[in-house]
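Q: Got a predicted model here, sequence first, then my questions.
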Amino acid sequence: MDFHRIGVLLGGLSAEREVSLRSGRAVAEGLARSGFEVVEIDAGRDLAAKLHCARVDAVYIALHGRMGEDGTVQGLLEVMGLPYTGSGVLASALCMDKIVARNVLAAHGVPVAPGWSPKGEDDDVAPQELSLPVVVKPSDEGSSVGVTIVREPAHWKPALTLAFGCSRRVIVEKFIEGTELTVAVLDGEPLGTLEIEPHAAFYDYDAKYAPGGSTHHVPARIGEARTARALELAQKAFAAACCKGAARVDMIAPRSESEDLVVLEINTVPGMTQRSLLPEIAAAAGLGFDELVTRIVRCASTKTRV
Ligand SMILES: Nc1ncnc2c1ncn2[C@@H]1O[C@H](COP(=O)(O)OP(=O)(O)O)[C@@H](O)[C@H]1O
Ligand SMILES: [Mg+2]
């Protein structure tokens, strides 16, 4: 579609607000350099009123986490009849919920880490019965917020308390030792792989966003066969969750070469700062930042037929 005036949604109400402000500003600059008229809109409780006043042709969603990446804002935009970037209501909500997403992926033959969902903080598995290490995560947060790797029984309870403090639902997964990588997908086509070598004990918030927190390798150093498998799984995961536009599929390649890759999650609004992973993969595939955001916005649409 031929959109001219674009509203970039940034900031918002989630724990990932700061990252979203950075993503949104980078996107807005890229779109402006590409000749679009850009309006930056901080997506608070008054979003509907702001959108009504902004008179935009389409919306670029640069919101991470709840109330932005999870289908809620997508639903508002459907009701308003405003074309928007990326996945629709269903895929956004599905991918935001790690428990549901794991079930859907597994049903489509995409390998996920073995895991289970404790019902509450007191739904206690005796630590000695746990096969440690495990990863405890809130079901619907991002950017490693509330995530703990539990290596010793004493850390199990505090990890549950932290995760349940962030979300009503929590997922516990077997910790998969190996190489962490991510695959960028654009309109259903995988663009390439990127390996994250964290300098911290795991890929936490600081390792993700602080300069020098991790080293990136593009493509991931996992050999030809595993690279082909990573691209295949990313495409499969994207399709299984009904994603659209740009997405990033996080995975781990287990240390033992004989074990298959494991998909951790699909990010339906991946980070879009200049040092973010998806733009880095796109650049290596010959797609510069401004071209990338232009392509994403040109595919903006409403997804519900009325
Ligand atoms: N099963 C797992 N095995 C090993 N590391 C994991 C596992 N699950 C999560 N992690 C680590 O925690 C980080 C955050 O987990 P992830 O599922 O991607 O959630 P989010 O990025 O939404 O917080 C990952 O990037 C990875 O470093
Ligand atoms: Mg992740």
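A: Received, thanks. Ligands and ions are numbered 1, 2, ... in the order given.

Q: which parts of stretch 159-175 are buried?
A: Under the neighbour-count criterion of 16 or more other CB atoms under 10 Å, stretch 159-175 has 159-160, 162-164, 166-167, 169-175 buried. (Each C-beta comes from the backbone N, C-alpha and C, glycine too.)

Q: With only the CA atoms kept, save it in CSV.
A: Listed in CSV are the C-alpha atoms of stretch 159-175, where the atom choice follows Å, rounded to 0.1, in the frame of the first residue of the first chain:
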residue,chain,number,x,y,z
ALA,A,159,13.1,-17.6,41.4
LEU,A,160,9.5,-18.6,41.6
THR,A,161,8.7,-15.5,43.8
LEU,A,162,10.4,-13.3,41.2
ALA,A,163,8.6,-14.8,38.2
PHE,A,164,5.2,-14.9,39.9
GLY,A,165,5.8,-11.2,40.9
CYS,A,166,6.0,-10.4,37.1
SER,A,167,3.2,-12.6,35.8
ARG,A,168,0.3,-14.8,36.9
ARG,A,169,1.7,-17.7,34.9
VAL,A,170,5.2,-19.1,35.0
ILE,A,171,7.1,-21.6,32.9
VAL,A,172,9.9,-23.7,34.2
GLU,A,173,12.2,-25.2,31.5
LYS,A,174,15.1,-27.5,31.5
PHE,A,175,18.3,-25.4,31.1
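
Q: Pull out the buried positions in the one helix or strand Val136 maps to.
A: Element membership of Val136 [criterion: DSSP states H and E] is strand 134-138. Applying a neighbour-count criterion of 16+ other CB under 10 Å, the buried positions in strand 134-138 are 134-138.

Q: just the helices in the stretch 101-250 of the chain please.
A: Taking DSSP state H, counting those that start in this stretch to define them, one finds helices in the stretch 101-250 of the chain at 156-166, 205-209, 223-240.

Q: mean pLDDT lowest for which of the ones you listed?
A: Among those, helix 205-209 carries the lowest mean pLDDT, at a mean of 59.

Q: Now Gly165. Nearest residue, chain neighbours left out?
A: Excluding its sequence neighbours, the residue lying closest to Gly165 (CB to CB, 6 or more residues apart in numbering) is Gly146, at 7.1 Å.

Q: Run through the residues that contact the one you found.
A: 137-138, 162-163, 165-167 (CB atoms under 8 Å, 6 or more residues apart in numbering).

Q: Any idea how many residues pack against Arg229?
A: Neighbours of Arg229 under the rule other CB atoms under 10 Å: 17.

Q: Likewise for Ala107?
A: Count around Ala107 with other CB under 10 Å applied: 9.

Q: That one and ligand 1: what is the separation?
A: Remark: distance between Ala107 and ligand 1 (CB to the nearest ligand atom, to the nearest Å) = 19 Å.

Q: Ok, Ile222 next?
A: Counting by CB to the nearest ligand atom - Ile222 and ligand 1 are separated by 16 Å.

Q: Can you report how many residues neighbour the closest residue in space to that residue that isn't next to it in sequence?
A: Excluding its sequence neighbours, the residue lying closest to Ile222 (CB to CB, 6+ apart) is Ala253, at 5.0 Å. Number of residues near Ala253 (other CB under 10 Å) recorded here: 25.

Q: and the protein, which residues reach ligand 1?
A: Residues of the chain lying near ligand 1 by CB under 6 Å from any ligand atom: 113, 135, 137, 141-144, 147, 173-176, 180, 202-203, 250, 252, 264-265.

Q: Throw together a ChimeraX command that grabs the buried residues out of those.
A: In ChimeraX, this line selects whichever of the residues of the chain next to ligand 1 come out buried by 16+ other CB under 10 Å:
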select :113,135,137,141,142,143,144,147,173,174,175,176,180,203,250,252,264,265
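
Q: so how far is Ala93 from Gly68?
A: Going from Gly68 to Ala93 by CB to CB, to the nearest Å gives 12 Å.

Q: out of these two, which sits in the busier spot?
A: Regarding Gly68 and Ala93, a neighbour count based on other CB under 10 Å identifies Gly68 as having more, with 27 against 20.

Q: Need the three-state assignment for the spatially closest residue to that one that is not a sequence neighbour.
A: The shortest distance from Gly68 to any non-neighbouring residue, by CB to CB, 6+ apart, is to Gly12 (4.6 Å). Under DSSP: H, G, I helix; E, B strand; the rest coil, Gly12 falls in the coil class.

Q: show me what contacts Gly12?
A: Contact partners of Gly12, counting by CB under 8 Å, 6+ apart, are 20, 42-44, 63-65, 67-68, 73.

Q: would you turn these into a markdown table with distance to Leu82?
A: As requested, those are arranged in a markdown table below (distance: CB to CB, whole Å):
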| residue | distance to Leu82 |
| --- | --- |
| Ser20 | 19 |
| Asp42 | 17 |
| Ala43 | 13 |
| Gly44 | 17 |
| Leu63 | 14 |
| His64 | 20 |
| Gly65 | 21 |
| Met67 | 17 |
| Gly68 | 15 |
| Val73 | 10 |
